[in-house]
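Student: from the sequence below, what's the structure:
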Amino acid sequence: MIEREDFLNRITLHARPLVRLMRLEDLQAVLTIEKVSFPTPWTLNSFVTELRDNEYARYHCLEVEGQVVGYMGLWYILDEGHITNVAIAPDWRGRHFGEYLMRTVMRKMVAEGMERMTLEVRVSNDPARHLYERLGFKPAGLRKGYYVDSREDALIMWAEL
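Tutor: I've put the predicted structure just below:
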């Protein structure tokens, strides 16, 4: 479910957002977003390993006016994409940038032959769950105690591209 919608009309900014592949030089900005977004943020080494050593990894940045304001990571496995992480900087939330980033990446995935994608989300994260549902993700199961920091369950969601 990735029909083309004009999110630019709903995004209040002066410059067009750009979704591009993440580079090592983006990692300071990515780590800043990561630390304010998650109770157990990934480390610099985790991101470097993903970018340099994981042939299945594809990481994207959302850039506005030259500033990285969000990112999304995936693993491409056969014809499926597994979202590893996605976050938008707090000052940029609530303006549909997460949806824009995800829809753009989903279109790229289709162009690369991907057919479906999956993710895990905290059961308590209602804003993210609603976004994923708008993007066509459907609940498919539960991972009990998945999150190490709180032992909170994760909802497994899948979307057909």
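Student: output the below-cut-off pLDDT ranges for this protein.
Tutor: Applying pLDDT under 70 to the chain flags residues 1-15.
Student: what's the longest helix anywhere in the chain packed up against?
Tutor: For the chain, the helix with the greatest residue count under DSSP state H is helix 97-111. Packing partners of helix 97-111 (3 or more Cβ pairs under 8 Å, 6 or more residues apart in numbering; DSSP states H and E): strand 18-21, strand 57-64, strand 67-77, strand 80-88, helix 126-134. Quick note: C-beta positions are derived from backbone N, CA and C, even for glycine.
Student: give me the contacts around the third one.
Tutor: Applying Cβ atoms under 8 Å, 6 or more residues apart in numbering, the set of residues contacting strand 67-77 from outside is 17, 22, 26, 29-30, 33, 50, 54, 56-63, 81-89, 91-92, 97-98, 101-102, 105, 109, 112, 114, 117.
Student: list only those of these flagged as buried.
Tutor: 17, 22, 26, 29-30, 33, 50, 57-63, 81-89, 92, 97-98, 101-102, 105, 109, 114, 117 (16 or more other Cβ atoms under 10 Å).
Student: just the residues contacting stretch 107-123, thanks.
Tutor: Counting by Cβ under 8 Å, 6+ apart, 2, 4, 19, 74, 76, 79-83, 86, 106, 128-129, 132, 137, 140, 142-143, 146-147, 152-161 sit against stretch 107-123.
Student: try 7 Å this time
Tutor: By Cβ atoms under 7 Å, 6 or more residues apart in numbering, the surrounding residues in contact with stretch 107-123 are 2, 76, 79-83, 128-129, 132, 143, 146-147, 152-161.
Student: okay, buried residues for that stretch please.
Tutor: Neighbour-count burial for stretch 107-123, with 16+ other Cβ under 10 Å as criterion, is recorded at 108-109, 114, 117-123.
Student: list just the nearest of those residues to residue 39.
Tutor: Nearest to residue 39, judged by Cβ to Cβ, of the buried residues of stretch 107-123 is residue 122 at 9.6 Å.
Student: ok, what's across the strand from the closest one?
Tutor: For residue 122, the beta-bridge partners are residue 154 (DSSP bridges).
Student: next one: residue 57
Tutor: residue 75.
Student: how near is it to residue 74?
Tutor: 7 Å (Cβ to Cβ, to the nearest Å).
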